[in-house]
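Below are the sequence and a predicted model for it; my questions follow.
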Amino acid sequence: MTASAIPGKKVKAKKNSQFLEVLKRLSKSKTATIGLIIIVIEIILAILAPLIIPYDPNAIDILGKLTGPSAQHWFGTDELGRDIFSRILYGSRYSLSIGIFGTLITTIIGTFIGAIVGYYGGTFDNIFMRILDVVQAMPPILFTIVIATALGSGFQNTLLALAVSGIPGAVRLVRGSVLGIRKMEYLESAESINCPKMRTIFVHVLPNAISPSIVAASMNVASLILTAAGLSFIGLGVQAPTPEWGAMLSASRNYIRDYPYMVLFPGLAIAVTVLALNLLGDGLRDAMDPKLKD
Amino acid sequence: MSNNQAFLSIKDLVVEYTSDGQIVQAVNGVSFDLQKGRTIGLVGETGAGKTTIAKTIMRILPDRAAHIRGGQVLLDGKDLLTTSEEEMRKVRGDKISMVFQDPMTALNPTMRVGDQIAEVIIHHNDISQAESEKRAGQMLEMVGIPAGRYREYPHQFSGGMKQRVVIAMALACTPDILLADEPTTALDVTIQAQVLDMINDLKQKNNTSMILITHDLGVVAQVCDDVAVIYAGQIVERGSKEQVFDHPHHPYTIGLFGAIPSMNVDEEYLHPIDGLPPDPSNLPKGCPFNPRCPYATDACRKGAIGEVQTPDGHWCRCVNLDQVKEGAIKS
Amino acid sequence: MSTVIEVKNLFKYFPVPAGMLHAVDDVTFTIEEGKTLGVVGESGCGKSTLGRTIVHLLESTKGQIFLEGKDITHVKGKELAAAREQMQIMFQDPYSSLDPRKTLEQTIIEPLLVSKRFKKAEMYEKAQELMELVGIDQRLAKAYPHELDGGRRQRVGFARALALDPKFIVCDEPVSALDVSIQAQVLNLLRKLQKEKGLTYMFITHDMSVVRHISDDILVMYLGQMVEKCPSKDLFKKPMHPYTRALLSAIPSVDIHNPIKREILKGELTSPINPAPGCRFAARCKYATDKCRQPQTLTEVEPNHFVSCCRVNELN
């Protein structure tokens, strides 16, 4: 039989990891690339923030308060004379970490539960999903308010509340794609070679079910940043003087008529980050869509 | 082929797809004629370009990905490829209609089956609603479904029944040509036999001409008058069914017949065609079959291969017919 | 010659909202070592369910399954694992039967890895041997399934099934999704390895010409019931059950000069959910009488030729 000696369809001998494949596809989309670049830059800036900020974000300078953007203070100063540029840079650490760590917790827990309930199904699945229904019936904001009231507001509790309220959605998403994969013959094939259940779930089910979750996660980071900002704005969530973007917006709202730049820069920071994340998410969705593969 | 005047004539059709920056040569210079009242079978394997030919005739290729690079589709002397979309809409259904492989997706699940047929009729004829419903009922009876089931929905029908409904819809405006793309592939053999029987009956009754696309030589044997064997977007052999089935000349056609397990002879091993069909985005030079062909010579790897007439008068795209003939006798 | 698989009065029912779906209804057969039993029937006849029940991907409702004389119907744990190493299954769909995120090598190695009986180097060596055996080029070891055509994927599925040297393989329509020229390649491979390794096959298909080619014995099923079972030659020479005859006459033959006299069946499959007792084919059978509505028994009409039809003697 000489079948394999003759090149039929394109046959690549080189090892090409799925991750690189996705990155390659992603790079074909201009908007997604821009999104990715912005996010990477923001993350680097957030990590390096303590080293590169020109001023201490909490240093009060009453004499230099409410000056507009200038060469010294690029984004101006606020009502206490704090440098807004430094505060935004430093604040990105809070906003981004709420978004990223919150999403990580949500996605990891959600994926784990989703894969297991989806794979086993039956009564187990039923009970679990009803519990999640209850959690999901509470709006995330309300849920956060409950947690904030119970445990007190602040960075960690906000993170926790937002992460937990996202879990049911993440579970549903993974469970849905696991249910689709459960019909695949390669799972029967795994069972027929005595593949242990946990190995089946983690080696065969999850890697194939995870793409929608990754896409959703990138979008989720954006929505968490927005929600966290919203919470800070209404006074729950992260508290002053922490330079979180939402808290900054909230503090500056009284000055919006006379000193609009105070609202503009934190607002812009949120808008640009969220936009970049959404562009990235859209690009990921296309890059990971198996239908686009040959 | 006979001297009857062809009323559908495909000439040098070339169709390409572009995907991911690659050019996929789906159809590479296909020509064939269809005569009134006859049925031609387009036979070939997955990816040979059969469905693309059908979609080109119907002008329903995806606009963005597919490009017709050349050729003509002449219906009564008029080129369908240059006809306006508006006129084309009249051609579809009235003159040519198509039956797809999968009856499940061809029917609207939220609409009664009878109404779906009536809709087609009313779209192409200036008649009343009541009249169209009456005609739709008759169409159902014609394909062997009691008119009493007019008000049922597709999910209440089995696969075979759905395919009958699809055929009834295609025939509702008594088209001159029926284009059937693997109409029975999704059906079980006994149901396939029923549907093929029905198609044969209807064809005779209405004197409809038909283009049947299939991968199954057995289906061709039962339904077609003429055959065109397609490989990698080219017709490698064409002629009447008797000519091609009794005296296949092209090595691919011979290989195809040889690969089917025989119903009469016991063989230890089958005779597959070695290798795989070529990648349509990277066709070999010369004859596309040359990498798999046991008779290939240098001549096969050079320029395009033209059609030559075989001794019994059908057409074959091969430069080594004499060697092939000897080889065929040997094996 | 020893019996590899014996199935005795096997039943598999599925509870569905509308009642009880009788997927496999009282099936009995044996397969000798090195032989192939072809199981034919149309979609929904229970042939795939039968195959999956035997290799314990589904639990049987009633009946017994013996592997080399040992009753494995209810084995669990280690015993089940041991039994499964002896019985493998090859799937129909070349697109869904391989994990899209695993390279061919990973897919072929997995059975060895899971069995925990091999050292790493041994496994890679064995994978190479297996790939050679089924005709897959070494340079494809790191390729992913989507880079392969259907025929090659089926070869990979076969290599994986062969990894632990099973005695018995259920081939569930392994060539139905392939083009004829490729189908012949895979069928030849199956036969070649059967001879070399003395494999025993249960070959499930709806294609009569394929089953004729590959099988020693053939079992015809209709809506979960056994309709006819006999040596392959006899079935094609002298089909006795009215359904078998209709099935054979429905095959579109490439012989254009000797058309088979067709027996076009009326109607379509009836429902296997809460079926009435008696022959399930009776609703479409032109010979059906009241007697056919009684439960039928499988009788040996001629040596080794079993038919489940109360009128078989009148009709033949």
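On my side now, so go ahead.

After the helix or strand harbouring A:M129, heading C-terminal, what element do we hit next?
Here A:M129, judged by DSSP states H and E, is contained in helix A:122-137. Later in the chain than helix A:122-137, the nearest helix or strand by DSSP H and E is helix A:140-151.

avg pLDDT for that following helix?
Averaging pLDDT along helix A:140-151 gives 80.

How far does the helix or strand following it sit from its chain's centre?
Next helix or strand after helix A:140-151 toward the C-terminus (DSSP H and E): helix A:155-182. Shown here is helix A:155-182, whose average C-alpha point lies 12 Å from the average C-alpha point of the whole chain (C-alpha atoms, centre = their mean, to the nearest Å).

still on that earlier bit, how about the helix holding A:M129: buried residues?
A:D125, A:F128, A:M129, A:L132, A:Q136 (16 or more other C-beta atoms under 10 Å in any protein chain shown). Just so you know, the C-beta spots here come from the backbone N, C-alpha and C atoms, and that holds for glycine as well.

That helix vs chain C: in contact?
No. Contact between helix A:122-137 and chain C is absent, the nearest approach being 12.9 Å (criterion: C-beta under 8 Å from any C-beta of the partner chain).

That helix to helix A:140-151, inter-axis angle?
80 degrees (axes from the mean of the first three to the mean of the last three C-alpha atoms, to 10 degrees).

just the buried residues of helix A:122-137: which has the poorest pLDDT?
Where pLDDT dips furthest among the buried residues of helix A:122-137: A:Q136, at 84.

who in chain B is up against chain A?
B:D20, B:D274, B:G275, B:L276, B:P277, B:P278, B:D279, B:S281, B:N282, B:P291, B:R292.

let's go with 7 Å and repeat that
Within chain B, the residues that sit near chain A (C-beta under 7 Å from any C-beta of the partner chain) are B:D274, B:G275, B:L276, B:P277, B:P278, B:D279, B:P291.

Make sure I have this right: the first one is in a helix.
No. Judged by DSSP: H, G, I helix; E, B strand; the rest coil, B:D274 forms no part of a helix; its state is coil.

So what's the residue count around A:S213?
22 (other C-beta atoms under 10 Å in any protein chain shown).

Same question for C:L189.
22.

Would you confirm that it belongs to a helix?
Yes. Per three-state DSSP, C:L189 lies within a helix segment.

Excluding covalently adjacent residues, which one is nearest to C:E59?
Among residues not flanking C:E59 along the chain, C:T53 sits closest, at 7.5 Å (C-beta to C-beta, 6 or more residues apart in numbering or on different chains).

ditto for B:I40
Closest to B:I40 by C-beta to C-beta, 6+ apart is B:D226, at 4.3 Å.

residues in contact with the one you found?
Applying C-beta atoms under 7 Å, 6 or more residues apart in numbering or on different chains, we find B:D226 in contact with B:M1, B:R38, B:I40, B:G239, B:S240, B:K241.

Next, find the distance separating the fifth one from chain A.
Distance, B:S240 to chain A, using C-beta to the nearest C-beta, to the nearest Å: 32 Å.

for the fourth one, same thing?
Taking C-beta to the nearest C-beta as the measure, B:G239 and chain A are separated by 29 Å.

how about that residue, phi and psi?
Main-chain torsions, B:G239, degrees, to the nearest 10: phi 170, psi -170.

quick one, what contacts it?
B:D226, B:V227, B:H314, B:W315.

Assign a three-state SS to the residue nearest to C:E59, would you?
Classified using three-state DSSP, C:T53 is helix.

That one - how many residues pack around it?
Count around C:T53 with other C-beta under 10 Å applied: 25.

got it, and A:L51?
6.

From C:G135, how far out is the residue in chain B that chain A sits nearest to?
Distances between chain B and chain A by C-beta to the nearest C-beta are smallest at B:L276, namely 3.0 Å. Distance of B:L276 to C:G135, computed by C-beta to C-beta, to the nearest Å: 12 Å.

who's more crowded, those two?
Set B:L276 next to C:G135 and count neighbours by other C-beta under 10 Å: B:L276 wins out with 25 against 21.

Local confidence estimate at residue 254?
You didn't pick a chain, so chain A it is. With respect to pLDDT, A:N254 has a value of 84.

You answered for a different chain; I wanted chain B.
For B:I254, the pLDDT comes out at 93.

which one is whichever residue of the stretch 101-250 of chain A sits closest to chain B nearest to, not counting chain neighbours?
In the stretch 101-250 of chain A, the residue found nearest to chain B is A:K183; the distance is 17.1 Å by C-beta to the nearest C-beta. Once flanking residues are discounted, A:K183 sits nearest to C:S96: 7.9 Å by C-beta to C-beta, 6+ apart.

number of nearby residues for the one you found?
18.

again, but for the one 5 residues further on
Other residues within reach of C:R101, judged by other C-beta under 10 Å, total 17.

For it, which non-adjacent residue is spatially closest?
A:P207 is the one closest to C:R101 (C-beta to C-beta, 6+ apart), at 4.6 Å.

tell me which element the one you found falls in.
Counting by DSSP H and E, A:P207 is part of helix A:206-209.

check contacts around the residue nearest the centre of chain A.
Nearest residue to the geometric centre of chain A (C-alpha atoms, centre = their mean): A:V221, 2.0 Å. Applying C-beta under 7 Å, 6+ apart to A:V221 gives the contacts A:G99, A:I100, A:T103, A:L277.

Select from these the one having the most neighbours.
That'd be A:L277 among these, by other C-beta under 10 Å, with 28 neighbours.

What separation do you get for that one and A:I34?
12 Å.

outside of the helix holding A:M129, which residues touch it?
By C-beta under 7 Å, 6+ apart, helix A:122-137 touches A:V117, A:P168, A:V171.

go on, stretch B:89-96?
B:I57, B:M58, B:L75, B:L80, B:T83, B:V120, B:H124, B:C173, B:P175, B:D176, B:I177, B:L179.

Nearest to chain C, out of these: which one, please.
Taking C-beta to the nearest C-beta as the measure, B:L179 is the one of the contacts of stretch B:89-96 closest to chain C, at 19.7 Å.

Could you see whether chain B lies near stretch C:158-177?
No. Judged by C-beta under 7 Å from any C-beta, stretch C:158-177 makes no contact with chain B; its nearest approach is 9.3 Å.
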